[in-house]
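Q: Give me a 3D structure for the following:
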Amino acid sequence: MSRIKSCQGTSANMNKAESHSGQQTLTIKQALELGVQHHGAGHLSEAERIYQQILQSVPDHIEAIHLLGVLAHQLGKTDSAIKLLAKAIAIAPDYADAHNNLGNILQDLGRLDEAIASFRKALAIEPDYAGAHINLGVALKELGRLDEAIASYGKALAIEPDYVEAHHNLGNALKELGRMDEAVASYVAALAIKPDYAKAHSNLARIIHGRLEFVGERRLTC
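A: Alright, predicted model coming up:
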């Protein structure tokens, strides 16, 4: 789970960048905010153009480097994404988002131990980063470290009680441990927040179906 945002107060805010039309000059801050808007809306080529334009004016602009790395990952340019996020971290070692998003890429590559290390670095910098707690939990679950994954999801929910993915992922981990009543409660909590959450409906239905089958088999053998 990536986090895309622009931060306020960057030292380069007073520099200028041209707009797409070339007729209007924006501050770097305004250009970055415009790039983030396009990025969030899925206009990736336009966002990429703006981030590149910012870097032409300010080559070490950390947020533009970081967001360009996130975008490169979305476009499947994995090597470029890793290099850009590593560059952002080299410039600003305490940039929690860059550590978290690097962890996402490493996780996608199956490099789970490295991903976990990146998520832990993000959390050492920003302990209340709910998304990083969830990402850490997902990576731990993939390694079969279910108790640790459950603890990570719990931390995310302590920070953001309505984090629907945390409830759902917690349910999945509890289900794998055979703690079905707790898993049901987690799926129900997810659906209370997002009633149309298809995955939670599906997983809850599987548990209920399994219980009904078990009851039916017991009746047949009695």
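Q: Residue 52 - how many residues pack around it?
A: For residue 52, the neighbour count with other CB atoms under 10 Å is 12. (C-beta placed from N, C-alpha, C; glycine too.)
Q: quick one: the helices in the protein?
A: Along the chain, counting by DSSP state H, helices occupy 28-40, 44-57, 62-74, 78-91, 96-108, 112-125, 130-142, 146-159, 164-176, 180-193, 198-221.
Q: Now mean pLDDT too, for the ones you listed, in TSV please.
A: As requested, the helices of the chain are arranged in TSV below (pLDDT from 0 to 100):
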stretch	mean pLDDT
helix 28-40	94
helix 44-57	95
helix 62-74	96
helix 78-91	97
helix 96-108	97
helix 112-125	98
helix 130-142	98
helix 146-159	98
helix 164-176	97
helix 180-193	97
helix 198-221	73
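Q: count of residues packed around the closest residue to residue 35 other than its chain neighbours?
A: Computed as CB to CB, 6 or more residues apart in numbering, the closest residue to residue 35 that is not its neighbour in sequence is residue 50, at 3.6 Å. One way to gauge burial is a neighbour count; for residue 50, by other CB under 10 Å, it gives 27.
Q: Same check on residue 184?
A: By the other CB under 10 Å criterion, the neighbourhood of residue 184 contains 18 residues.
Q: I'd like to know how far it sits from residue 47.
A: Taken as CB to CB, to the nearest Å, the spacing of residue 184 relative to residue 47 amounts to 41 Å.
Q: which residues touch stretch 89-98?
A: Outside of stretch 89-98, the residues that reach it under the criterion CB atoms under 8 Å, 6 or more residues apart in numbering are 3, 5, 60, 62, 65-66, 69, 85, 88, 99, 102, 121-123, 125-126, 129, 132.
Q: Might you quantify the distance of it from its chain's geometric centre?
A: 16 Å (CA atoms, centre = their mean, to the nearest Å).
Q: Enumerate every residue touching residue 118.
A: Shown here is residue 118, whose contacts under the criterion CB under 8 Å, 6+ apart are 99-100, 102-103, 106.
Q: Which positions in stretch 111-127 come out as buried?
A: Of the residues in stretch 111-127, 112, 114-116, 118-119, 121-123, 125-126 count as buried by neighbour count, 16 or more other CB atoms under 10 Å.
Q: Check stretch 158-175 too.
A: Counting neighbours by 16+ other CB under 10 Å, the buried set in stretch 158-175 is 163-175.
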